[in-house]
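**Q** structure for the following, please:
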Amino acid sequence: MASRSRIQPLFRAAARRQTLLSAGSRHPAMRQISAPAATAAAARCLSTTAVRCAQDKKEVKLTAAAYPDLKRDSRFAEVTDAHVAYFKDLLGPSGVVDGVTTDAADDLAAFNEDWLRKYRGQSQLVLKPASTEEVSKILKYCNEHKLAVVPQGGNTGLVGGSVPVFDEIVINMSRMNQIRSFDDVSGTLVVDAGVILEVADQFLASKGYIFPLDLGAKGSCHVGGNVATNAGGLRLLRYGSLHGNVLGLEAVLPDGTVVDDLCTLRKNNTGYDLKQLFIGGEGTIGIITKVSIICPQRSQAVNVAFFGLESYEKAQQAFKAAKGQLGEILSAFELMDARSQDLVHAVRGNKRPLEGDHPFYCLVETSGSNGDHDYEKLEKFLEDVMTNEIVEDGVLAQDETQSKALWSWREGIPECLGHWGGTYKYDVSIPLKELYQLVEDTKVKMEAAGLVGDTDEFPAIGVVGYGHMGDSNLHLNVAVRRYDKRIEKVLEPFVYEWIQERNGSISAEHGLGVAKKAFIGYSRNESMVGLMKQIKNLYDPCDNERPYCRKCIDSGRECAGYEREMVFITATIDDGGRCSSHPPRQVSSSKKSPKAKAAEQTPPRLAPTEPLTPAWDDLISLSENGIVYSVQIATLHARLQNVLRGEEDRNRFSFPIAFPPYLPIDVETWDNGGNTDLAAQNMISLLPAGNVAGPPDGICAFLFEQNPAYLVTNGITPWGVPQENQDVVKKFGPEQFKYFPNHHFFVRVYRCNAIILALLHRKATFLSSFEWCTIPWEMHPKSIFDRLFDVIVHLPGIFARVDRTIPFAATLQRRLKAQELLSSCLQVEQQLEEWHTFARSPTLEHPYAYWIEESDDQDAQQVPFANPFADNFAFKDGITAVMFLYYWMTLLLLHRCIESLHHAIFQPVIEDFPNMYPDLPPHLQINLARYQQRREFAARVCRALDFALNTTVQPDLLVAPLATALEFYRELNSSSRDGELEIMWCEGFKLRLASKGQDIANVLQSRQWADLARF
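**A** I've put the predicted structure just below:
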């Protein structure tokens, strides 16, 4: 190596360079290099789409069909003829592509389909504004008429963010394509968002400047889209990201407000730098219409080298050497693996720059002011890395034509990978040391799944890796013949989990779009995601999937604002349904009586303090106007019709209530065909700041009951809740339960009751779906109790299937179904055991979750019936007691189900003679005696009830475990005349539970209350 590099200091003779030059000239794109500036952009656009045009034009599957979990929100309006007429009048015929009133399917196709031909929307209307004013009027109109929109630039995005999913209106920025100004002293360029990147770069080239961004799609992509996605590209190593280069911008918010921050100065230290929210925001908080950007002077000398290496470790060594030797003139260091170059060669057929094959290739570019000096430095660098056997072979471009030919082997990768059908693309940031390991691990996964091969029977062609070593940015691509769900299951979430383990980013420069939106949690924690959503809701409160508050829609009156938390109406009796985020209504200025003035108060506007705690914590910190209250949460079943307040209190913010005698919920008769519809009232009672009893504190109470018919009068309940159909919670969706107080209502009232009622009545519940087990906890942390319900929630559906299977006669089909259900039960049992192991694990504060506590004789005397059980359990806290109550109750029910399935499996099947009895697989061979000892679980429930009753502020939680144990003892007594003492004890505990509930009710009616929310 060393001797060869000295004999051939330029690594290739002049004849070889001529070969490279001629190879470049044979490529159709290379012949376009010398085209006039006015047509170069069009030529580039043609070259980047030529391969796609030559492909078999198979119809792209609709995004809505490919991703059935994505549902159109019916509360957004559909585009009508009247809407189209308005837009045509505003923009003129050339500014509207109308598929609503005419047949324009062919014209709409390009706007509905993404560059990868993976995503296809169903938009019937494309708008092309020519000015910021027109964009503003469009968004204002859409905002008022609840029409969904998608901003679109050059549509070169790779994650589906630039095309609609359903029938959203596409706002295409291609007509806003003017270069507004350029300062040839400072290098400040102001352009419309629709200016094509290559057009801007060519304009700057004529002025001696360069755009600080370069992409393979520069012939089609728009500057506005580049800024909206914070595109990185090939020049980031030299010029940095757009966050540093963009000086200012103009944007239009979703309500039509124009944000004019088109600053052209590098220094402007006056308040928040709000433009940064739009850079990389992907159009979610506004549409960028103009951009001001600082552009560096174009280097006089650009040199390019291309070389091959035997390993990724050698590539890292070469990069380190390049930084050390080339320093300030190093402008790009690109990595490509052998497979990527093989595919480019297979598509284009050009002669390769290097002789022989190499596992890895790198392209190095330098930019400086002294051509000879820079060339010598690059030449010396290549000679050194070859002498030290870091590089196996290399070539140095001698002129601009050869430089572009070398760059084509890197820039041509994306379009060539899609030649056979499509590409799965992952644009990730990973620590440089492990950058390529992701490609290797993905190859192993794909090959193990049998999805990669050279023939058409395999959906995938190969896994390739390339990217920007200068900023640790890898493009992991899987070239495919066709998009296949099996490939997606192998890749996701494997790729994202792999990245998360290394603290990487799932999106380095492409953005999230449709493809990665659901996976943001792998790169951002819950706090960051929550903060982003708050910012989004601030800029676009209409985009919370409920454009106007439900009460305003139902009543038909003008809405005074938006419901910021995307939840139920939060209001008081006085303001008649105003949302908590609405501005106050104007009130009469007429003279009020002294009594009315005394009654005037401000309704509470409370928010939990950071850090947020699980909803099961009985104490929560709430802040209002800078005052922090320590608030006790209590939940109580009540007949809301009978929770009284005086007539004079109905229009007051603060009022007393009066309770009837407390009655616990009746789980045995509370069955509504699998639905759990609750009426609930959330109230707050705060002691004034500075009270003598101590720091400010209060009680947050949730009063609830099942929605009964007697509550409804003319469609409205006495508590002001519109009467909906069944499954109100389900209709609102999980997004509505991420914030206080709705999250606490869902966790502490609705979910636990709905799951347990479904379990006891053996009917499946919608709460078992993944969204309902995850989305409500995006803002608040999940407790271990929540995770227990995550396991329990799958049992009602299993029990329902068991009830549909067991009654049939013994057949082979019934046996196989019972075996399948037994397997499901055993899997849930395993999950419960894992939960139990975790729940019992010691902590520094509590080495034991629970222990046996000897009974006190005085306590025993207070119990109406003698305790027939062994000593009671004591727990580290009240919620732990309730947790284990539900764990033992679930095992009691589950073991009974397992026993019945086992009996069904072993019933002889006459039709299968002589094999009337089953031969079970090993994982279904159980010790039946273990599942017949259910009395121990019933006893454990009863031994825990005393402690739970003394510590809980939610006594209704104890009803289901008590009822389950009581039913067990009644069955036992019916069959064996045993369990009478246990039954008497349980009946006596019912009285104590009712007494505890009444004690809580007495405390509640001793306070003054204000409404927080109604459900």
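
**Q** wait, isn't residue 806 in contact with residue 904?
**A** Yes: contact criterion C-beta atoms under 8 Å: residue 806 and residue 904 qualify, at 5.5 Å. C-beta here means a position set from N, CA and C on the backbone, and glycine is covered the same way.

**Q** more neighbours, those two?
**A** residue 904 (21 against 17; other C-beta atoms under 10 Å).

**Q** what's the closest non-adjacent residue to the more buried one?
**A** Spatial nearest neighbour of residue 904, excluding adjacent residues (C-beta to C-beta, 6 or more residues apart in numbering): residue 818 at 4.5 Å.

**Q** which residue ranges of the stretch 401-550 of the chain form helices?
**A** 413-417, 437-448, 485-491, 494-501, 526-539, 550-555 (DSSP state H, counting those that start in this stretch).

**Q** by mean pLDDT, show me the worst of those.
**A** Lowest mean pLDDT of the helices of the stretch 401-550 of the chain: helix 550-555, a mean of 41.

**Q** if we can go back for a sec, between residue 806 and residue 904, which contacts overlap?
**A** Common contact partners of residue 806 and residue 904 (C-beta atoms under 8 Å, 6 or more residues apart in numbering): residue 818.

**Q** return the most buried member of the helices of the stretch 401-550 of the chain.
**A** Looking across the helices of the stretch 401-550 of the chain with neighbours counted as mean count of other C-beta atoms under 10 Å, the highest average goes to helix 413-417: a mean of 24.

**Q** that older thread, out of the helices of the stretch 401-550 of the chain, which is closest to residue 899?
**A** Of all these, it is helix 485-491 that lies closest to residue 899, at 35.8 Å by C-beta to C-beta.

**Q** who's in contact with the closest one?
**A** Helix 485-491 is contacted from outside by 424, 426, 442, 445-446, 449, 451, 459-460, 478, 480, using C-beta under 8 Å, 6+ apart.

**Q** thinking again about what came up before, can you pull the contacts of the residue nearest to residue 904?
**A** 805-806, 901, 904-905.

**Q** from memory residue 216 sits against residue 417, does it?
**A** No: the pair residue 216 / residue 417 is not scored as a contact, 11.4 Å apart, by C-beta under 8 Å.

**Q** joint contacts of these two?
**A** With C-beta under 8 Å, 6+ apart, residue 216 and residue 417 have no common neighbours.

**Q** still on that earlier bit, JSON lines for the contacts of residue 818, including secondary structure and pLDDT?
**A** Formatted as JSON lines, those follow (DSSP: H, G, I helix; E, B strand; the rest coil; pLDDT from 0 to 100):
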{"residue": "805", "secondary structure": "helix", "pLDDT": "89"}
{"residue": "806", "secondary structure": "coil", "pLDDT": "89"}
{"residue": "901", "secondary structure": "helix", "pLDDT": "91"}
{"residue": "904", "secondary structure": "helix", "pLDDT": "89"}
{"residue": "905", "secondary structure": "helix", "pLDDT": "87"}
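
**Q** closest to residue 786 out of those residues?
**A** Closest to residue 786 out of the contacts of residue 818 is residue 901 (28.2 Å), distances taken as C-beta to C-beta.

**Q** what's the nearest residue to the closest one if we skip its chain neighbours?
**A** Going by C-beta to C-beta, 6+ apart, residue 901 has residue 822 as its nearest residue, at 4.5 Å.

**Q** any idea which residue sits dead centre in the chain?
**A** For the chain, residue 518 is the residue whose C-alpha lies nearest the centre (C-alpha atoms, centre = their mean; 3.5 Å).
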